[in-house]
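K.L.:
need coordinates for the following:
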Amino acid sequence: MSDKDAKWSDGSKVTAQDFVTSWRRSASPSAKSGYNYIFTGIKNATKVSSGELPASDLGVKALNDTTLQVQLEYPMPYFSQMMVMPAFFPQSTKYVNKEGKRYGTSSTRLVYNGPFKVTDWTGTNESWDLTRKISTTMIRKMFI
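P.N.:
Sure, this is the predicted structure:
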């Protein structure tokens, strides 16, 4: 991970396991985003997306809190460029487990790890607000 000090809006650390959780959820056939195909090329992603294999067989593993191991089925020279796509962003394992099926259904059922958090989103409305969420750690990093 590029920022070992990254934290979720609830104060917990962002870990490599948060990426594993996110990728497994997003690659699964029950993912509602429609982007599970984008994981093609990662070991077993096609079979996970089709339901032939469980999400736990996706070729992604947290080696420790800050190291993510990804196994590819073939060379993907564009892999690093794909990492900027929201489908590859982390999801807090702790919070996903706590909220269960309610996770992500409204702005109050999410935690955030960037400079903004979403507010006033009910899960069905087509508008919301972005509230600046800058910690002292983020401010220090911006000026270093």
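K.L.:
give the contact list for residue 71.
P.N.:
Counting by Cβ atoms under 8 Å, 6 or more residues apart in numbering, residue 71 touches 42, 43, 59, 60, 61. No exception for glycine: its C-beta is placed from N, CA and C like everyone else's.
K.L.:
distance check, the residue most central in space within the chain against residue 7.
P.N.:
Central residue of the chain (Cα atoms, centre = their mean): residue 90, 2.1 Å from the mean position. Look at residue 90 and residue 7: by Cβ to Cβ, to the nearest Å, they are 12 Å apart.
K.L.:
got any residues that touch both of the two?
P.N.:
Common neighbours of residue 90 and residue 7 (Cβ under 8 Å, 6+ apart) are 14, 113.
K.L.:
coming back round to it: who's in contact with the residue nearest to the centre of the chain?
P.N.:
Residue 90 touches 14, 18, 19, 21, 22, 113, counting by Cβ under 8 Å, 6+ apart.
K.L.:
and the lengthiest helix in the chain, what does it pack against?
P.N.:
Across the chain, the longest stretch assigned as helix under DSSP state H is helix 16-27. Contact here means 3 or more Cβ pairs under 8 Å, 6 or more residues apart in numbering; DSSP states H and E; on that basis helix 16-27 packs against helix 45-50, strand 60-64, strand 67-70, helix 93-99.
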